[in-house]
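Visitor: take a look and give me a structure for this.
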Amino acid sequence: MPRLNRYAWTVAAALLLTQALPASAEPVLTLSTAQQQMVDGMIKLDGHAEYQNVPFGFGVVPGVANAYQGNGTDDGVLIPLGGDREITVNAGYDAAMLGSTKSVMDSELSEVEPGGVQRQPVVLDSQPAEQAQWTDGEFVRRVIVEYRSTGPDDGINYTLRLRTDAEHQQADGEAFDAVVKSFKHHQIEND
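Guide: Just a heads-up that it's a prediction; the model follows:
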């Protein structure tokens with residue numbers, strides 16, 4: 001049996017791996033330098049498993065290969081989509097004493113020109129929430145907010161954001177919709 005040199009072995013291994021991956025395998029996103037700096041120090045997640053944030057009582061499935069969480073408990077999830085496009089999911093206590101979903105959205109939009117903003121009620125895991133969409137220069141933005149006002153866990157704000165561009169709006173919007181659909185409330189266990 002002939003021996004393969006190092007180059008031939010590498011090519012053969014690559015061909016075997018290519019054949020072993022299903023045609024529907026998700027491509028791995030290569031991060032730009034700016035994105036790499038953004039996720040530096042963050043924890044890479046298995047984007048197909050549920051991320052659970054116990055202190056803030058929620059879980060979400062990023063649904064893509066590249067997803068990251070911060071090192072703190074309230075840092076949520078960052079899903080880079082390429083370039084400056086991204087999805088984020090965050091939660092925090094109502095430190096500003098906003099007290100309602102409408103007030104949380106008003107705060108979120110406080111620096112946005114109101115003329116081009118489309119606001120509408122939505123549902124986030126069976127709870128009332130609000131969605132807004134607008135164009136900001138080259139970016140199209142969607143935000144969903146919910147003020148958790150039920151049970152002993154009230155006073156938490158959930159914010160889901162999409163930043164995309166016109167070229168990727170449909171595909172990124174579908175990815176965002178999948179993340180929103182995967183969002184689940186969990187009971188917060190106080191020690």
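Visitor: so what's residue 27 scoring on pLDDT?
Guide: Note on residue 27: pLDDT of 47.
Visitor: average model confidence for the strand or helix carrying residue 80?
Guide: Element membership for residue 80 (DSSP states H and E) is strand 77-82. Mean per-residue pLDDT for strand 77-82: 88.
Visitor: C-alpha coordinates for it, CSV please?
Guide: Provided in CSV are the C-alpha atoms of strand 77-82 (Å, rounded to 0.1, in the frame of the first residue of the first chain):
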residue,chain,number,x,y,z
VAL,A,77,-27.1,36.5,23.9
LEU,A,78,-25.4,38.0,20.9
ILE,A,79,-25.9,36.4,17.5
PRO,A,80,-23.6,38.0,14.8
LEU,A,81,-25.1,37.7,11.4
GLY,A,82,-22.1,39.1,9.4
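Visitor: for this protein, which spans come out with low pLDDT?
Guide: Within the chain, the ranges that satisfy pLDDT under 70 run 1-32, 34-38, 71-75, 94-96, 150-153, 189-191.
Visitor: and if we set it to 80?
Guide: 1-47, 64-66, 70-75, 93-99, 114, 149-155, 188-191 (pLDDT under 80).
Visitor: tell me where it has strands.
Guide: For the chain, the strands defined by DSSP state E occupy 43-44, 51-53, 58-60, 68-69, 77-82, 85-93, 118-124, 127-136, 139-148, 156-165, 184-185.
Visitor: mind putting the ones you listed into JSON lines with distance to residue 99 and mean neighbour count?
Guide: Bear in mind the C-beta positions are built from the backbone N, C-alpha and C, glycine included. Below are those laid out as JSON lines (distance: least, CB to CB, whole Å; neighbours: other CB atoms under 10 Å):
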{"stretch": "strand 43-44", "distance to residue 99": "32", "mean neighbour count": "12"}
{"stretch": "strand 51-53", "distance to residue 99": "22", "mean neighbour count": "18"}
{"stretch": "strand 58-60", "distance to residue 99": "19", "mean neighbour count": "23"}
{"stretch": "strand 68-69", "distance to residue 99": "28", "mean neighbour count": "21"}
{"stretch": "strand 77-82", "distance to residue 99": "25", "mean neighbour count": "22"}
{"stretch": "strand 85-93", "distance to residue 99": "12", "mean neighbour count": "19"}
{"stretch": "strand 118-124", "distance to residue 99": "17", "mean neighbour count": "13"}
{"stretch": "strand 127-136", "distance to residue 99": "14", "mean neighbour count": "17"}
{"stretch": "strand 139-148", "distance to residue 99": "7", "mean neighbour count": "22"}
{"stretch": "strand 156-165", "distance to residue 99": "10", "mean neighbour count": "22"}
{"stretch": "strand 184-185", "distance to residue 99": "19", "mean neighbour count": "18"}
